[in-house]
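J.: What follows is a predicted protein model with its sequence.
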Amino acid sequence: MDLEQPARRRRGAELENALLDAAWEQLTQGGYAAFTIDAVAERAGTSKPVVYRRWADKHELLRAAVRHVSDRTIRPAPDTGSLRGDLIEQLVYASRHRLNLAAMLMVHLGGYFEESGTSPADLRELLLGGSRSRTEEAVERAVARGEVDPDRLTPRIIDLPFALFRHEAMMTLKPVPEEVAAEIVDTIFLPLVRPLP
């Protein structure tokens, strides 16, 4: 007699990861219009109350899913010994490993931003989690080494390499070549922050 084995009950981190994976799959395969607690619960093979015990609504669930997926592609800031090396390595890594995530979010989250009254900048803050960006870490080390004049720094100037990188990626819809990353750093950013003679 062949008896069917009962489904193994998931708990704790295993269950939460399964729910967040299901939420991300629902978003990327169905778009925001099809992103509902019902759909995520069904995809995860569980019930709505299980989802609602962790997230109050679909906006909270979506933000948690985006953070969950983003965390998989984050790595410690490189320390090559020079600001130029650090920034180029960061831009090249972002182009190879995080550009698809950013494109996916822009394609699928228009409805979310409109419905929630938030913006991509709010989502970026969520992903940073109140911590310093990798660029800020690199610039801080460069100041300590004497490569950068701290009086020439502003938040907008520190963000400039990635702002130009994002613009390039959005305008071309392609990975940003390493030579373009080097051009952004060498001809635009470094001249703005190096100590004046």
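T.: Done, it's in. Just so we're clear, the structure is a prediction, and the values are computed from it rather than from any experiment.
J.: low-scoring stretches of the protein, by residue?
T.: By pLDDT under 70, the weakly predicted segments of the chain are 1-8, 10, 130.
J.: What separation do you get for the spatially most central residue of the chain and Gly129?
T.: Centroid-nearest residue in the chain, with CA atoms, centre = their mean: Ser70, separated by 4.5 Å. As judged by CB to CB, to the nearest Å, Ser70 and Gly129 stand 10 Å apart. The C-beta positions use only the backbone N, C-alpha and C, and glycine is treated the same way.
J.: Quick check on Leu99: phi, psi?
T.: The phi/psi pair for Leu99 (degrees, to the nearest 10) reads phi -70, psi -40.
J.: surely it meets Arg166?
T.: No. The pair Leu99 / Arg166 is not scored as a contact, 9.4 Å apart, by CB atoms under 8 Å.
J.: thought Glu147 was touching Gly85?
T.: No. Using CB under 8 Å, Glu147 is not in contact with Gly85; the gap is 10.7 Å.
J.: higher neighbour count, the two?
T.: More crowded of Glu147 and Gly85, by other CB atoms under 10 Å: Glu147, with 17 against 14.
J.: can you pull the contacts of the more buried one?
T.: Contact analysis of Glu147 by CB atoms under 8 Å, 6 or more residues apart in numbering lists Ser82, Leu83, Arg194.
J.: any idea which of these is closest to Leu61?
T.: Leu83 (38.7 Å; CB to CB).
J.: Just give the closest residue to Met170, not the sequence neighbours.
T.: Nearest non-adjacent residue to Met170, counting by CB to CB, 6 or more residues apart in numbering: Met106, 7.7 Å away.
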